[in-house]
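Peer 1: Quick check, what structure comes out for this input:
(2 chains)
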Amino acid sequence: MHDISAIVKETPPATLTNAPPKVTARKVSVFYGQKRALHEVSVDIADRSVTAFIGPSGCGKSTFLRCFNRMNDTIEGSRVEGEILLEGRNIHDPDLDVVELRARVGMVFQKPNPFPKSIFENVAYGPRIHGLARSKAELEEIVMSSLQKAGLIDEVKDRLNEPGTGLSGGQQQRLCIARAIAVSPEVILMDEPCSALDPIATAKIEELIDELRANYTIIIVTHSMQQAARVSQRTAFFHLGNLVEQGPTEAIFTNPSEKRTLDYITGRFG
Amino acid sequence: MSTTSDPSLASPAADAAAPKAASGSTARVRGSLGRRHAAERRFRLVGMLAVILGLSFVAILFGTILNKGLPAFWQASITVPVTFDPNIVKIPPYPQPQQGESPAAYEAEVLQWRTALAGVNWGRIIENALLAELPPDAAKNRRDVSRLVTSGERFRLRDLVQERPGLVGQTVTVKLLADANVDVWVKGNIDRSLPDRQLPLTPNQRRYVEILQEKGLLTESFSTSLFFNVDSRASPASAGLAGAFVGSLYMMLIVILLSVPIGVAAAIYLEEFAPKNRLTDLIEININNLAAVPSIVFGLLGAAVFIIWFRLPLSAPLVGGLVLTLMTLPTIIIATRSTLRAIPPSIRQAAVGLGASRVQTVTHHVLPLALPGILTGAIIGVAQALGETAPLLLIGMSAFVANVPATPMDQSTALPVQIYLWQGNELRNFFEARTSAAIIVLLSLMIVLNGLAIFLRKRFESRW
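Peer 2: Residues are numbered from 1 along each chain as shown, chains lettered A, B, ... in the order given. Predicted structure coming up:
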């Protein structure tokens, strides 16, 4: 394995220490039926930064990610315990509608999953169902600026009415990011967004994540430790449903305090 | 990790075989190849034979039906000038509304006029028209002459005058439908060497037919009566499918209006919204079982519930439609559910992840994608209902009905039942062909419906 510490970026410390955490998870456990997939995980997610969840397959990192917008609700037989606060407010609060939560916490999935509709419709769908645009012009503006932010505008501006499924894999994934941005979420969850993409497309997405950090809180699950090192400011390492260690990315990759973390990042298992 | 560096992973047998592995196992593989290829050839041959056998059965079926049924689309008719002789049509002039006359009184007058019209000896007019074309001695055999034309034509002449009272005293050329026996005789389906008493036509009639044919008056032409007339026993040649067709149409409308919305809604609820528990498992098993229930059982159910309990009328397309709806529901539910299940979950996730509610996810994304499959399932279910006979027999739709039903509450038959009725008709010579013709009409409808299903599927699928 390469020396990952070499690619860890200089992180602006201010965002990590001073600001209150955007999302706070306390003793979160997830059960699928009788099976416990996640054991009492507590994490703070800093505002306007990228937090990476790493760990071997089946360690519960994706499960944990799906807690933040309550996507686990859609899985039959799943149960979440513990507390997750979005800006101090419990997301399981009965007063907080799950639809509102998902408008504030967007998600990008592992496999690019554009709707089988036009590129424009893909991006316009979110604002439309949430009633974010008052007029057609406003909707168009939202779509264009979302595509702009997702770095896709130059590639698709002449074919907004063509199907989103006709784009390349990397473009589709950026379309999905644009679709998530269009709802103006505060937090964007990314579940291994590059695992189905080639290295060039991956590089573009990573670049994009780095830009989006200025305006959004991003939580990314990744299998690639290089990716975690490249894009994130904080990293949490999961193993067998437990949170083993979390901290500034640089510290995790250069000086982990747990032996399991060291073993994983040096490629001894996983 | 390779097996050579890790002895624990290689079995002892493999170790022993290793030195001469290349030559030994290759030879063994080669040895078994012959058998494997032979098995494959056998399997292919059996499969091909099965396909050929199946296709030839279908070909035989279609061949016989077309062979028997197609001639029935052409029917013998006699085109002669018909004189509405005022001496026979002795009716008062058509009543005109008088000044100061009440509408009821005028209506009674019209009714009286119609009664007088019905009392006219229309058969005599037809006889006279035919006699004009036949040698003078035919006048002695009026009975033979009048039976050349099917009896229902008398009413057609009456209807002509009823529509245009001015026809009385005039002569018009009318195409009269020949009697069923004449039609069969002209088509050459009767062995002419049989003794006289076994032939459907008397020697005189046979002579007249020949004369009319020579004059070019007795011809075969496309039979519109098959499509536009109702069933008839007294006048078999004019028996048609109109009543059965409209009856089937009403039933299909009811089936489509009820089973498609109910079936699709039930499938969507079960697949997208219902919790997965014992109750929904039970419902699913029951729906699957219902699809396998013999259709005649649905007929019994319909007779018991709709006719005895709800007191709906016998033989009504409404009841038939309800029974067929019950029968079609499981088919549509099962087809819709399997279509919904085939929609990739990533689409649902994408919509839910954006904050779409469950209903929005279903209506905006899942349903449009599932539409071709749902339509195909629905049309195949409806086509199945169109051809169903057994349950209709039990709710009284096998009765002889000589009307086109005006509403779904009127008595009616259905296409498959009409086939069943004609199949059992005593005038075999004539109705054998009519039955096959009705089968052709039914099959054509089926092919159209299935074609529509394929067309819709292709159309909606090729959208992206």
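Peer 1: ok, residue A:222 touching residue A:53?
Peer 2: Yes - applying Cβ atoms under 8 Å, one finds residue A:222 in contact with residue A:53, separated by 7.5 Å. Bear in mind the C-beta positions are built from the backbone N, C-alpha and C, glycine included.
Peer 1: Between those two, which has more neighbouring residues?
Peer 2: Of the pair residue A:222 and residue A:53, residue A:53 is the one with more neighbours under other Cβ atoms under 10 Å in any protein chain shown, namely 29 against 25.
Peer 1: Wait, residue A:183 touches residue A:128, no?
Peer 2: No - at 10.1 Å, residue A:183 and residue A:128 do not qualify as touching, with contact defined as Cβ under 8 Å.
Peer 1: which residue does the stretch 151-270 of chain A bring closest to chain B?
Peer 2: Nearest residue of the stretch 151-270 of chain A to chain B, counting by Cβ to the nearest Cβ: residue A:163, 4.8 Å away.
Peer 1: surely that residue meets residue A:121?
Peer 2: No - in terms of Cβ under 8 Å, residue A:163 does not count as a neighbour of residue A:121; the distance is 9.2 Å.
Peer 1: Low-confidence regions, the stretch 351-464 of chain B specifically.
Peer 2: Counting by pLDDT under 70, the stretch 351-464 of chain B contains low-confidence ranges at B:462-464.
Peer 1: Could I get the full set of helices for it?
Peer 2: Assignment of helices within the stretch 351-464 of chain B using DSSP state H, counting those that start in this stretch yields the ranges B:358-360, B:367-386, B:390-394, B:415-423, B:428-461.
Peer 1: Which positions in chain A make contact with chain B?
Peer 2: Within chain A, the positions near chain B by Cβ under 8 Å from any Cβ of the partner chain are A:69, A:71, A:74, A:76, A:99-103, A:106-107, A:109, A:111, A:113-117, A:125-126, A:129-130, A:163, A:165, A:176, A:179-180, A:183.
Peer 1: Report the buried members of these.
Peer 2: Buried residues within the residues of chain A next to chain B, counting neighbours by 16 or more other Cβ atoms under 10 Å in any protein chain shown: A:69, A:71, A:74, A:99, A:101-103, A:106-107, A:109, A:111, A:113-117, A:125-126, A:129-130, A:163, A:165, A:176, A:179-180, A:183.
Peer 1: among those, which are in helices?
Peer 2: A:99, A:101, A:102, A:103, A:125, A:126, A:129, A:130, A:176, A:179, A:180 (DSSP state H).
Peer 1: Let me have those residues in TSV, adding pLDDT as columns.
Peer 2: Conversion of these to TSV gives the following (pLDDT from 0 to 100):
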residue	pLDDT
A:99	90
A:101	93
A:102	93
A:103	92
A:125	95
A:126	94
A:129	93
A:130	92
A:176	95
A:179	95
A:180	94
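Peer 1: Which stretch among the helices of the stretch 351-464 of chain B approaches chain A most closely?
Peer 2: Minimum separation from chain A across those (Cβ to the nearest Cβ) falls at helix B:358-360, 5.8 Å.
Peer 1: Just the buried residues of the closest one, please?
Peer 2: Applying a neighbour-count criterion of 16+ other Cβ under 10 Å, one finds residue B:360 buried in helix B:358-360.
Peer 1: Which strands or helices does it pack on?
Peer 2: Applying 3 or more Cβ pairs under 8 Å, 6 or more residues apart in numbering or on different chains; DSSP states H and E, we find helix B:358-360 packed against no helix or strand.
Peer 1: Would you mark the buried spots in stretch A:35-42?
Peer 2: Of the residues in stretch A:35-42, those scored as buried under the neighbour-count criterion (16+ other Cβ under 10 Å) are A:37, A:38, A:41.
Peer 1: same thing with stretch B:136-153?
Peer 2: Taking 16+ other Cβ under 10 Å as the basis for neighbour counts, the residues of stretch B:136-153 that come out buried are B:138, B:141, B:144, B:145, B:146, B:147, B:148, B:149, B:150, B:151, B:152, B:153.
Peer 1: need the contact list for the last one.
Peer 2: Put plainly, it is residue B:153. Residues touching residue B:153, when contacts are defined by Cβ atoms under 8 Å, 6 or more residues apart in numbering or on different chains, comprise B:126, B:176, B:177, B:235, B:238.
Peer 1: let's see it at 6 Å
Peer 2: Neighbour list for residue B:153: B:176, B:177 [criterion: Cβ atoms under 6 Å, 6 or more residues apart in numbering or on different chains].
Peer 1: What's the per-residue pLDDT of the residue of the stretch 151-270 of chain A closest to chain B here?
Peer 2: Model confidence at residue A:163, given as pLDDT, is 91.
Peer 1: Name the residues linked to it by a beta bridge.
Peer 2: According to DSSP bridges, the residues that bridge with residue A:163 are residue A:118.
Peer 1: Look up how far residue B:349 lies from it.
Peer 2: Going from residue A:163 to residue B:349 by Cβ to Cβ, to the nearest Å gives 19 Å.
Peer 1: buried sites along stretch A:131-139?
Peer 2: A:132, A:133, A:139.
Peer 1: Which residue is the nearest non-sequential neighbour of residue A:209?
Peer 2: Residue nearest to residue A:209 in three dimensions, not counting chain neighbours: residue A:231, with 4.9 Å by Cβ to Cβ, 6 or more residues apart in numbering or on different chains.
Peer 1: neighbours of that neighbour, just the number please.
Peer 2: Applying other Cβ under 10 Å, we find 26 residues neighbouring residue A:231.
Peer 1: now for the helices of the stretch 351-464 of chain B, which one comes closest to residue B:320?
Peer 2: Set against residue B:320 and scored by Cβ to Cβ, these come closest in helix B:390-394, at 5.3 Å.
Peer 1: How about residues contacting that closest one?
Peer 2: Residues from elsewhere that reach helix B:390-394, judged by Cβ under 6 Å, 6+ apart: B:295, B:296, B:298, B:299, B:300, B:303, B:320, B:323, B:414, B:417.
Peer 1: The helix or strand where the fourth one lies to helix B:367-386, inter-axis angle?
Peer 2: Here residue B:299 is covered by helix B:295-302, with elements defined by DSSP states H and E. For helix B:295-302 against helix B:367-386, the angle by axes from the mean of the first three to the mean of the last three Cα atoms, to 10 degrees is 90 degrees.
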